[in-house]
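Trainee: Predicted structure and sequence below. I'll ask about it afterward.
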Amino acid sequence: DKRPTFVRNLLTLISRWNDARFADSVEKALRHPEATVRREALRILSTLRPSGSGVKLVALLSDNDETVRLTAMKVITGGQYTAAFSAWSPFVTADDFYDRSPAEKRAIYQALKHTAADEAVPYWQGLWTEWSWTKKKKKEELALLAAEILGKLATPAAMAALELKQKKGGAAVRQSAGVLAVHHVGGDGQ
């Protein structure tokens, strides 16, 4: 139904039943033309299905509404969703990714860490090993964020990438990678 009020009321009823069997029906509302309906569907999904494939939620990164995109990333990190890096790749490698807000890039990286983990390490590592004169400042910002996320991931592959970063890249990213590597590899006992 194209009427946003009708669909939101229907979604409210579904949420009150709190029955995970309706999650597939709620997912259909993620394609509704009205952003308020998509946001409500995301809110309900976060309570009905906090696990499973996150591919449909990752696809919302192409949504025109930033609030929908941020909400989708919060839903992913709040549950036990999985999504291969191949689902994320079209979004994080696109030129317009550099122009997204810092909060959105951070939310995307957190959700990517949550769903793809070590599978995303080569992408993050590539942020500081690929040299390019275009968008240098924006790429360095992403590399700093990548170093932070790798430090939080703290898997052997992530730590190896941080150690490599200490040897390559700009001074600010090298320094942040070094601090994170020491912090997570015995510097504070964790």
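Mentor: Received it, and whenever you're ready, just let me know what you need. Every value quoted in this text rests on a predicted model; they were computed, and no experiment measured them.

Trainee: so who does the spatially most central residue of the chain touch?
Mentor: Geometric centre of the chain, nearest residue: residue 108, 2.5 Å, by CA atoms, centre = their mean. Applying CB atoms under 8 Å, 6 or more residues apart in numbering, we find residue 108 in contact with 61, 73, 88, 91-92, 100. Quick note: C-beta positions are derived from backbone N, CA and C, even for glycine.

Trainee: Selection in PyMOL covering whichever of these are buried, please.
Mentor: Selecting only the buried entries of the contacts of residue 108 in PyMOL, with 16 or more other CB atoms under 10 Å as the criterion:
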select buried, resi 61+73+88+91+92+100
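
Trainee: Just name the shakiest helix or strand of this structure by mean pLDDT.
Mentor: One helix or strand of the chain scores below all others by mean pLDDT, DSSP states H and E: helix 171-182, with a mean of 54.

Trainee: Make sure residue 145 is actually in contact with residue 105.
Mentor: Yes. With contact defined as CB atoms under 8 Å, residue 145 counts as touching residue 105 (6.2 Å).

Trainee: I'd like the average pLDDT over stretch 32-40.
Mentor: Per-residue pLDDT over stretch 32-40 has a mean of 95.

Trainee: just use 2 as the starting number from now, easier for me
Mentor: Done: numbering now begins at 2, and the last item shifts to stretch 33-41.

Trainee: Same question for the lengthiest helix in the chain: list its buried residues.
Mentor: Criterion DSSP state H: the longest helix present in the chain is helix 137-154. Buried residues in helix 137-154, defined by neighbour count with 16+ other CB under 10 Å: 140-152, 154.

Trainee: Show me the two of the contacts of residue 109 that sit farthest apart.
Mentor: The span of the contacts of residue 109, defined through CB to CB, is set by 89 and 101 at 13.5 Å.

Trainee: Run a quick neighbour tally on residue 127.
Mentor: By other CB atoms under 10 Å, the residues close to residue 127 number 13.

Trainee: One more: residue 115?
Mentor: Close neighbours of residue 115, defined as other CB under 10 Å, add up to 19.

Trainee: was I right about it contacting residue 78?
Mentor: Yes. Residue 115 is within contact range of residue 78, at 4.9 Å (criterion: CB under 8 Å).

Trainee: And the strands in this protein?
Mentor: Using DSSP state E, the strands found in the chain span residues 52-54, 81-83.
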